[in-house]
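Undergrad: Have a look at this prediction, sequence included:
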Amino acid sequence: MKRFLSVFLSVGMVASVLAGCSGNAAATNASGAAESSNAATSAVAGASATGKTFAIVTKSAGNPYNEKEAEGFQQVIEQQGGTCIVKHPEAATADAQVSMIQSLISQKVDSISIAANDENALQASLQQAMKAGIKVSCFDSKTNKNSRQVFVNQAGTKEIGQALMDAVYDISGGSGDWAILSATSQATNQNAWIAAMKTVMKGSKYSKLNLVEVAYGDDEPQKSTDQTQALLSKYPNLKVLCSPTTVGISAAAKVLQDKKSKVKLTGLGLPSEMAAYIGTDADHSCPYMFLWNPVELGQLSAYTSIALVNGTLTGMTGDTFDAGNMDNSPYKVVDAADGGTEIILGAPFKFDSSNIDEWKNVY
Amino acid sequence: MAGRSGRTISTDRKRYTKGFFSSWEFVLVILFVAINIFCKIISQNYTAANVLREMPKYLSEMFLLFPMAYILLLGDIDISVGATVCLSATVSCFASNAGFPIGAVVLIGLLTGLACGMLNGLILTVFTELPAMIVTLSTMIIYRGIAEIILGSGGSVSLNDVSGFSALAGMVGLFPYLFFLVLILGVVFTIVSAKTPFGRSLYAIGSNRSAAFYSGIKVQRVRFIVFSITGAMAGLCAVFLTSTLFGANTTTGNGFEMDAIAMAVFGGISAVGGKGRLAGGIISAFIIICLRIGLGEINMNPQVILIILGILLISAVLAPNISTKIKEKKQVLARK
Amino acid sequence: MNEQTPEKKKSLWNCITASREVSLLLVLIVLCALIGIRSPEFLTISNIGEILKNNAVIMIMALGMLCVLLTGGIDISITSTLAFAGMTVGMLFKYKLIQSTGLGFLIAAAIGAMCGAIIGAAIAYGGVASIIAAMGGMYIFRGLAYLVANSQWAGADALGSFTNFALSSNLGFGVINNVIVITILCYVIFFIVLKWTKFGRSIYAIGSNRTAAAISGIHVARVEFLVYVIMGLLAGFCGALSVTIYSSAQPNMVLGKEMDVIAACVIGGVSMSGGSGTVGGALLGALILSVIAKALPLVGIDAIAQNTVKGVIILAVVILNVVTKRMMDRSNLERRKL
């Protein structure tokens, strides 16, 4: 039997690693519970989430934006005395999210908030969850209307399209060539925003603006760099580049700034990633850009989940609910473009040289 | 041909042939039991009903394990299977939305996969000098690329009518249909590889391709058949995956090829060909599935799960090798 | 006189088919010419500089992969190693634990070498098949990259002066960008090592015939181990390089690009069963891939079809390789007949 010894040793080693990890997980849960019990006393009466379990599933691991959403969510849930489960899938795919939803059904959580990697692919699992009595809401990226009760939208699609279009108009001086650098050609968010921009552009005010191309950088720095450089050499008269994706905008900002190009950039980006590129002088490539606060998005999502679980919110149009001390509280449920309902966080926030230093350390 | 298991626990062949109890498969069975006990301890939600409900997504990946094991036995590799799954799923979704009955949709899915597999097989047998890895790498890009083109902007398709596919996802008691299909196919593939002339030719080709050729085995024909089967199985995987996802998108099947290879390799199938048994691969697949489900239920960071799988993968191969080496050294010392 | 003409033609044909590198070079030139016709700005000096800089990481790692493939192994953990090393350096800069550029590269290379050593030891001394060890490493190092990152990225602002390295050209006497200088330097070193040193020749020897190599006195295990350490070292170094080039460290850096590196080698005629392949081939293979990546958006192929076109081109080049090789062998046979 001696020859088995080494095999079992290795198994034992792995088992101890596992035990260690699970021990850690348990420890953090415990400390979380301790914090929350303190906070529970100060919680707003009537909005309490004591004894309930709330889960959040983000798009993928290793992304500070997703992490901030989860942070905001967790903050509120624990403040209200609930238990919070944070799940980041290993890759930004619907497959990975399906496994996580299944696992959460097994754990009999009370609600799931999810940022969907695919509009339709989660339908079967999410409906299974709803059948099991779990409240389902989406945030950041929606699922189709049949697989959710309500969608917590970071900013209205129209408003984002309008803000970006106005930025392009403003930076270009009202006329000239401009291009879009998107993530993948399949990204739901991106396509919705681009479509909204195109709708806004039909207005006579923007008639002198000429959208030359929508390029796709697949959210990879290398490919985004290639695409930006290609745009520059293909369109010598390009004036403005608009990139509504965090990876694309920082890759493009670097290309433009390094080349000292006259082309200016705007779009949606993370302040911490973009701080080095924001400024109105010739040395900086991006005069200003937009984003919403992911922490607040997470918080609103948490309040939505709590209201759904407590029954104060059903997800029907016209419902209102209290969201603690958030800016626009109480929030109202409105009709979404896809026939479902949504809650809108607010207008996109503008980052420029005056406030970037303050925000770059936040997210 | 004596030492068929990739992990010869003992180099002593006489003892090895003694049977099941000194085989790698036996270790895997023990490991499987241990993992289940471990998962039960760490999570109170680790119940049969929950595990079986969470299983279908992983089970459909097992369709890829069987033919992948054959391919590895041949000394080849196929990394295009994930992309084939994506293309087949896309095509069958569009077929279903075009109003074909479910039987025809399943057939279309299978045929799409088969066509992809046959193309791989054709290229590899016409240009025998080409390594399978590079050919399947390019077809991987191409198949997924075609799926992207079919899906168009938006990159995802959902089923208009889910009734047909829901029927596929049905259950007998606690067990999904899929579970029985996997078991049946597992038995068939295992028996074919262990007991038939075709199965033996796989081992022969994997051990020594030219020797197999000169002993009259039609090497290229066997390779073509195996790659075609792989494609068809990827189509089957796609159909069942669609029955849990109700749609397809450009990331469907991402990384499935690596999962299948990892299951096979962990099960004792040598990645350089000619060694290993499919039974080991099947047990190890269940070990990995149960571990993933169990750790998922305690909400462990998926990156940590990946690290654990990586360590398991390497140590599963390393440990027996080292014990053999130590034993050899002792024998040498004893002789001195 | 009439008889001489076909002979002359033949000698030109011989010249083309005599060496794989020449035929690859032809493919590259034809490719560039075709793209140049469609978009004239492709062949400008600044554009070529951009191609080299943007693909430096793949080009440098192709050298390590060349050595690994020459021994008959394979390493698919390299991009995970790259991400782990790059992410660690990015975090060190972000939290102001280090400030010196040189130190950043050193730490990244050391981490890479360590990762390579772990895999190399399992393969060379533990008897683990290279694909298995590398696959395990792929999971482990990528996981570690995520853990090190702890859901943070290091952006241009956080990296500070480290990003200047990829912008300046002080190593290239103010003419050539630093990144390109480093790439050229790597190629020169590997060319010399593989062609003229004992270590280089022992790598070829192991790949061609392991038993013969062992009998002729080569420490097979040691050389194999070193090859993976070198691969890891290059991957780690490229981690830091990639961080300076893109001014950004993210845990999912270059995910899946290991296949591009392997493809570059194979397109360049490196055999996956070991023993044959050259530095020149790896260079040409990497260049062909880089040109394709750069050209696809330039020549106006629809974004959605770009991946398919890329796959078809790779497949076509690889098959073309085989066909020329067959012709080469045939013409060699014919020459021998004469």
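TA: The structure has been received and is ready for your questions.
Undergrad: pLDDT wise, what is residue B:261 at?
TA: Listed pLDDT for residue B:261 reads 91.
Undergrad: Just checking whatever helix or strand it lives in against chain A, any contact.
TA: Using DSSP states H and E, residue B:261 falls within helix B:256-266. No. Between helix B:256-266 and chain A, judged by C-beta under 8 Å from any C-beta of the partner chain, nothing touches; the nearest distance is 8.7 Å. C-beta: built from backbone N, CA, C; applies to glycine.
Undergrad: what helices or strands is that helix leaning on?
TA: Here helix B:256-266 touches helix B:56-73, helix B:81-97, helix B:278-297, helix B:302-335, helix C:130-149, going by 3 or more C-beta pairs under 8 Å, 6 or more residues apart in numbering or on different chains; DSSP states H and E.
Undergrad: Would you single out the least confident of the ones you listed?
TA: helix B:302-335 has the lowest average pLDDT among the helices and strands packed on helix B:256-266, namely a mean of 86.
Undergrad: Report the buried residues of that one.
TA: Buried positions in helix B:302-335, judged by neighbour count with 16 or more other C-beta atoms under 10 Å in any protein chain shown: B:302-324, B:327.
Undergrad: quick one, it and helix B:278-297 angle?
TA: 140 degrees (axes from the mean of the first three to the mean of the last three C-alpha atoms, to 10 degrees).
Undergrad: so how many other residues sit close to the closest residue to chain B within the stretch 151-300 of chain C?
TA: The stretch 151-300 of chain C approaches chain B most closely through residue C:272 (3.9 Å), counting by C-beta to the nearest C-beta. Residues near residue C:272, counting by other C-beta atoms under 10 Å in any protein chain shown, number 19.
Undergrad: Strands of the stretch 51-200 of chain A, start to end?
TA: A:53-57, A:83-87, A:111-114, A:135-139, A:150-153, A:176-182 (DSSP state E, counting those that start in this stretch).
Undergrad: so can I have TSV of the ones you listed showing mean neighbour count, distance to chain C and mean pLDDT?
TA: Converted to TSV, the strands of the stretch 51-200 of chain A look like this (neighbours: other C-beta atoms under 10 Å in any protein chain shown; distance: least, C-beta to the nearest C-beta, whole Å; pLDDT from 0 to 100):
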stretch	mean neighbour count	distance to chain C	mean pLDDT
strand A:53-57	25	14	95
strand A:83-87	21	10	93
strand A:111-114	28	18	95
strand A:135-139	27	17	93
strand A:150-153	26	21	91
strand A:176-182	23	9	93
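Undergrad: Could you export the helices and strands packed on helix B:256-266 to TSV, including columns for distance to chain A?
TA: Formatted as TSV, the helices and strands packed on helix B:256-266 follow (distance: least, C-beta to the nearest C-beta, whole Å):
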stretch	distance to chain A
helix B:56-73	6
helix B:81-97	10
helix B:278-297	4
helix B:302-335	4
helix C:130-149	5
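Undergrad: now the ones you listed in TSV, with distance to residue C:328?
TA: Formatted as TSV, the helices and strands packed on helix B:256-266 follow (distance: least, C-beta to C-beta, whole Å):
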stretch	distance to residue C:328
helix B:56-73	30
helix B:81-97	32
helix B:278-297	41
helix B:302-335	39
helix C:130-149	29
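Undergrad: any low-confidence regions in the stretch 101-250 of chain A?
TA: Across the stretch 101-250 of chain A, residues meeting the criterion (pLDDT under 70) sit at A:186.
Undergrad: now the residue minimising distance to the centre of chain C, what's its secondary structure?
TA: Centroid-nearest residue in chain C, with C-alpha atoms, centre = their mean: residue C:62, separated by 1.5 Å. At residue C:62 the chain is in helix, as set by DSSP: H, G, I helix; E, B strand; the rest coil.
Undergrad: wait, what's in contact with the residue nearest the centre of chain B?
TA: Computing the C-alpha centroid of chain B and ranking residues by C-alpha atoms, centre = their mean puts residue B:65 first, at 1.3 Å. Residues in contact with residue B:65 (C-beta atoms under 8 Å, 6 or more residues apart in numbering or on different chains) are B:260, B:263, B:264, B:281, B:282, B:285.
Undergrad: mind running it again at 10 Å?
TA: Taking C-beta atoms under 10 Å, 6 or more residues apart in numbering or on different chains, we find residue B:65 in contact with B:182, B:185-186, B:189, B:233, B:237, B:256, B:259-264, B:267, B:269, B:278, B:281-282, B:284-285.
Undergrad: Local confidence estimate at the residue nearest to the centre of chain C?
TA: 96.
Undergrad: how far away is it from residue C:188?
TA: According to C-beta to C-beta, to the nearest Å, residue C:62 stands 15 Å off from residue C:188.
Undergrad: which parts of the stretch 201-350 of chain A sit against chain B?
TA: The interface of the stretch 201-350 of chain A toward chain B, taken as C-beta under 10 Å from any C-beta of the partner chain, is made up of residue A:214.
Undergrad: any chance you could map the helices in the stretch 201-350 of chain A?
TA: Taking DSSP state H, counting those that start in this stretch, the helices of the stretch 201-350 of chain A run over residues A:221-234, A:246-259, A:271-274, A:294-310.
Undergrad: Let me have the ones you listed in JSON lines, adding distance to residue A:198 and mean neighbour count as columns.
TA: Converted to JSON lines, these look like this (distance: least, C-beta to C-beta, whole Å; neighbours: other C-beta atoms under 10 Å in any protein chain shown):
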{"stretch": "helix A:221-234", "distance to residue A:198": "18", "mean neighbour count": "23"}
{"stretch": "helix A:246-259", "distance to residue A:198": "18", "mean neighbour count": "25"}
{"stretch": "helix A:271-274", "distance to residue A:198": "25", "mean neighbour count": "26"}
{"stretch": "helix A:294-310", "distance to residue A:198": "25", "mean neighbour count": "26"}
